[in-house]
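Q: pasting the sequence and the predicted model now:
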Amino acid sequence: MAAYAALVSLMNNIDNIQNHPRFSISLDKKQTESLGEKLDFLLDFIEMNHSHELLETEIASAAYAAEDVIESHIVDQIHSGSISSLDLQTVIQDMDSVKEKVVILKEEEEGLLKVHRQYSTSTTSSTPSITGGGKSTTTMVGLDEELIQLLDALTGRQSSLQIIPIVGMGGIGKITLARNAYEHGLIVNHFDIRAWATISQEYSVKEIFSELLSRQSSESADEQQLTQKLYQSLIGMRYLIILDDIWSIDAWEKMMFFFPDNNNGSRIIITTRLSNVAVQFGSSSYFSKKFLDEDQSWKLFCEKAFSQEEVCPPEFEEIGKKIAEKCQGLPLLIVVIGALLRKSCRTREYWENISNDINSILDSGEDGDQNLDILSLSYMHLPAHLKPCFLYLAIVPEDHLIHASELIRLWVAEGFIKPNKTQSLKEVAKCYVNDLIDRNLILGRWFDGRVKYSTMHDLVRDLCIKKAQKEKFICMMRFRDIPLGVKMERRIAFQEKIPKENYDHELFFHELESASLALSLIGKRGGELSLEFKLLRVSHMIGFSLEDIFKQVNLRYIFKPYDWRTTRTISYKLPSSISLLWNLQVLVFPYIDLVAPPEIWEMAQLWYVKSISIYLPEPHSSCDQQDEFIVLRSLQTLKKVVNLRLSEDVCKRIPNIKNLHMEYHPQNSLRECEGNLSYDYNLYNIGRLHKLESLKCHLYDVGADDTQQGGLLKKMTFPRSLRKLDLANCDLGPEDLRTIGSLPNLVHFKLQGKIIGNEWDPVEGEFICLKFLEIHFCHDLIYWNAESSHFPVLEKLVLLGLSKLDEIPLGIGEIPTLDIIGLDDCSESANISAMKILEEQEYLGNDSLRVDIMFWKKEDLERFKEKAKQFQCFTSNNLRFSS
């Protein structure tokens, strides 16, 4: 909600001002304490789940106004270069006025509660609140029989290409059925290629094909190139394509010619809400998703309302069945309401209230909005701290994925994550993501045990947008609408490409520039904006020129998407005035080479920096007593920094760095303008970064010869905290590999380049936690003398371009955790050894190991397959060939 977000943001702002290492803003101590007391009181009121729409609006307005006064003063002070005190008396008086109204309301509520207790004879029993957790799973209630039928249709004997529609209303489980089939072990092994794309009402054929190709194509590829690439990748392959959420046959007719009928059992699943669309695919039958019956609804409700170890207590069974029945067999409603009850205090009175709320919605007679209104109960009963996080998801375009890490950075930059004493803001925000997943309000995609992406069901997204706009939390803009009345909007989000023709761009952006109170402008499409937004915190859009961006000194978050209309240079020298951005946390320029000034080392709030490349000069020397003020304690991620001299001074300034991506190139004119550096980049100091978890270090011909290039890593000691290591062209010898193997927390190791000599002899006791091993283009490696004990928990082995490798040791197949061996353009003997490993493991009863063998040329693939036919495993579902 806007009130909670505004109050927490104001509290965080005051804390930032008081503890800022560089900018001195004078606040009266008594005034600050008085304001803090009032903010604590109002925040307690909001967090106690009081619901008073008008009063919450007043609280939000007062908090926003206070922030406007404070941040305007800071901006003016920075621009003028002077220091002046800030009188908060007016702000305090406004807050006091709001507090008095809250006090009166609380007294009235307490009086009503006293009367209720006096005359009420009802009793309630309570148990501790249930807090679910852990990775969410896709529930299969009511789907078992349907799933079996769908698996039969997908793997049936009919060899021609089959189109299989799944039809049903939003929230009824079409995607759940399709995804459970898509991820089923039988299907994974049956098809050579699986791909998934979402269509929606507004679609782009180019984006659909890009999604089907796993975004492997560059942004410069046009639609024709993508269609050709897709067609060629599918020729000769048995493939499964899922086209989700088709609204018209027109979308299919624009794509159908690029899915070849290979007469080998390929299948395409279509999901749609419209029966008349499904009929037009010409299939003899289609899957029509039905509502869950009473028993299925109750089973699903219990799975979501109680933890795995629990059964429904007898005293809750009657009311629970009533609630499940009122969800009318729609799985999405049952899942969301069940999760709401699981996360809430369990009392019969509370469950009765939920049941009554659903009754009032059903009795309203507004059929079109009933499902959305029932879903809104899950929002109404969210804790106050999760409401702004949920509403913020309205910025995510329909059917798009958003990186969980990007969402966390945006939440923190907006200021509405409340700190605590034991966790950083980032860690708190991570917990909020997981909590929203537990409540089934967002869907998480998991990688390596962590949530990497999140998305929302269409109905939940509709609810999110409806609530965000109603509460004036976010203004959702369409370019077809002239943005009249945006003067008071705080967050403005765009979700469309700007029209190129027949559009009044000048009028649109003239009106937009009137939004002088805007805190955030979000969207990867926009136009030319020249006006300063004095209070702007988040710029996540095209529109500002590079020069204008750095005039917005209040910015906390800068993301500059690629814009072919305005990006005319491939490199940009950041101005020294960047240090005036007093609270900048995130700086992302994914398509521009950046050259940073020395002043960047003074930006103590920086947390995340990423560019296609960024050159950092050495920091200015300073006196010892000043060092405390120029340490970048917040900086955790730095990608891709080029030719960084990792001196002791630099290491001291980034003590909390966790994710570091470094590249080293020959010196060029760009670097020469920054000073002539020798080849000694002090990489041996990497061990001083004691919190480093992920390191990527790539060398590109930086030395005059191979000896110099390998010398960059001499005497390197890696920090024991390292979990992920990616080295390229680093020329590792036996001693280096032993050093890396001894890292106690290393989970992922990727080596590209050269192992000195032609042999690798791992030692037992090394790589004890390694799960992912990738070896790329080590052309001289011939003998790899490894046993299962050398990589005891390995899950995935990927070998690329090992043209001389004699074989993969047979003992590798004995690793109990190993799931995948992947080879790409490796020697024939290495490929054959992988097949021997698979054959032996299947003979021993291990059906979980998969071997993927890829060739760059199709003729090489066909030639090898002829030789491979002699092996028993040639027909195994766990062996895949591709080119």
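A: Happy to help now that I have it. Since the structure is predicted, the reported quantities are computational estimates derived from the model, not experimental observations.
Q: helix or strand right after the lengthiest strand in the chain?
A: Looking across the chain with DSSP state E, the single longest strand is strand 586-595. Scanning forward in sequence from strand 586-595 by DSSP states H and E, the next helix or strand is strand 608-615.
Q: what lines up beside that next one in the sheet?
A: Paired neighbours of strand 608-615 in the sheet (DSSP bridges): strand 586-595 (parallel), strand 637-642 (parallel).
Q: would you single out the least confident of these?
A: Sorting these by mean pLDDT places strand 586-595 lowest, at a mean of 90.
Q: what comes up buried for that strand?
A: Buried residues in strand 586-595, counted by 16 or more other Cβ atoms under 10 Å: 586, 587, 588, 589, 592, 593, 594, 595. To be clear about C-beta, it is placed using only N, CA and C from the backbone, and glycine gets the same treatment.
Q: now these in CSV, with distance to residue 45?
A: Below are the buried residues of strand 586-595 laid out as CSV (distance: Cβ to Cβ, whole Å):
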residue, distance to residue 45
586, 32
587, 37
588, 37
589, 42
592, 46
593, 50
594, 45
595, 50
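Q: let me know how buried residue 787 is, in neighbour terms.
A: Neighbourhood size, residue 787 [other Cβ atoms under 10 Å]: 15.
Q: what about the residue nearest the centre of the chain, distance to residue 409?
A: Geometric centre of the chain, nearest residue: residue 403, 1.6 Å, by Cα atoms, centre = their mean. Separation of residue 403 from residue 409 (Cβ to Cβ, to the nearest Å) stands at 9 Å.
Q: what do you get for residue 842?
A: Relative to residue 409, residue 842 is positioned 46 Å away (Cβ to Cβ).
Q: circling back to that earlier point, give me the pLDDT for the residue nearest to the centre of the chain.
A: As predicted, residue 403 sits at a pLDDT of 90.
Q: how about it: what's its closest non-neighbour residue?
A: residue 453 (6.1 Å; Cβ to Cβ, 6 or more residues apart in numbering).
Q: cool, and residue 604?
A: Leaving out its chain neighbours, the residue that sits closest to residue 604 by Cβ to Cβ, 6+ apart is residue 21, at 4.7 Å.
Q: just confirm the one you found is within a strand.
A: No - applying DSSP: H, G, I helix; E, B strand; the rest coil, one finds residue 21 to be coil, outside a strand.
Q: how many residues are close by it?
A: Residue 21 - counted by other Cβ under 10 Å - has 15 other residues nearby.
Q: and residue 434, by the same measure?
A: 19.
Q: same thing with the one 5 residues further on?
A: For residue 439, the neighbour count with other Cβ under 10 Å is 25.
Q: in what helix or strand does the closest residue to it other than its chain neighbours lie?
A: Computed as Cβ to Cβ, 6+ apart, the closest residue to residue 439 that is not its neighbour in sequence is residue 339, at 4.5 Å. Assigned by DSSP H and E, residue 339 falls within helix 331-343.
Q: now do residue 180
A: Counting by DSSP H and E, residue 180 is found in helix 174-182.
Q: residues in contact with the following helix or strand past that helix: which ones?
A: Per DSSP H and E, helix 174-182 leads on to helix 185-190 as the next helix or strand towards the C-terminus. Here helix 185-190 makes contact (Cβ atoms under 8 Å, 6 or more residues apart in numbering) with 151, 154, 155, 181, 194, 238, 240, 265, 850, 877, 878.
Q: now the second one: which helix or strand?
A: In this case it means residue 154. helix 144-155.
Q: pLDDT check: weakest of the contacts of helix 185-190?
A: For the contacts of helix 185-190, the pLDDT minimum is residue 877, 85.
Q: apart from its neighbours in sequence, what residue is nearest it?
A: Looking at residue 877 with Cβ to Cβ, 6+ apart, the closest residue is residue 189, at 3.4 Å.
Q: that neighbour and residue 182, how far apart?
A: 13 Å.
Q: so which of these two has more stuff around it?
A: Shown here are residue 189 and residue 182; by other Cβ under 10 Å, residue 182 has more neighbours (19 against 15).
Q: re the thing from before, which single one of the buried residues of strand 586-595 is nearest to residue 557?
A: Closest to residue 557 out of these is residue 586 (4.4 Å), distances taken as Cβ to Cβ.
Q: can you tell me how far that closest one is from residue 194?
A: On the measure of Cβ to Cβ, residue 586 and residue 194 end up 35 Å apart.
Q: before we move on, what about residue 738?
A: In terms of Cβ to Cβ, residue 738 sits 40 Å off from residue 194.
Q: in what helix or strand does residue 96 lie?
A: Using DSSP H and E, residue 96 falls in helix 89-119.
Q: now do the same contact list for residue 792.
A: Neighbouring residues of residue 792 by Cβ under 8 Å, 6+ apart: 767, 768, 815, 817.
Q: most neighbours out of those residues, which is it?
A: Neighbour max across these (other Cβ under 10 Å) = residue 767, 24 neighbours.
Q: could you check the pLDDT of that residue?
A: At residue 767, pLDDT is 96.
Q: and it, helix, strand or coil?
A: coil.
Q: let me see the contact set for it.
A: 741, 746, 749, 773, 790, 791, 792, 794.
Q: and the buried ones among the contacts of helix 185-190, selectable in ChimeraX?
A: Buried residues within those, by 16+ other Cβ under 10 Å, are selected in ChimeraX with:
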select :151,154,155,181,240,265,850,878
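Q: and the contacts of helix 185-190 as JSON lines, adding distance to residue 290?
A: Listed next are those as JSON lines, based on distance: Cβ to Cβ, whole Å:
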{"residue": "151", "distance to residue 290": "19"}
{"residue": "154", "distance to residue 290": "20"}
{"residue": "155", "distance to residue 290": "23"}
{"residue": "181", "distance to residue 290": "17"}
{"residue": "194", "distance to residue 290": "26"}
{"residue": "238", "distance to residue 290": "30"}
{"residue": "240", "distance to residue 290": "24"}
{"residue": "265", "distance to residue 290": "28"}
{"residue": "850", "distance to residue 290": "35"}
{"residue": "877", "distance to residue 290": "32"}
{"residue": "878", "distance to residue 290": "35"}
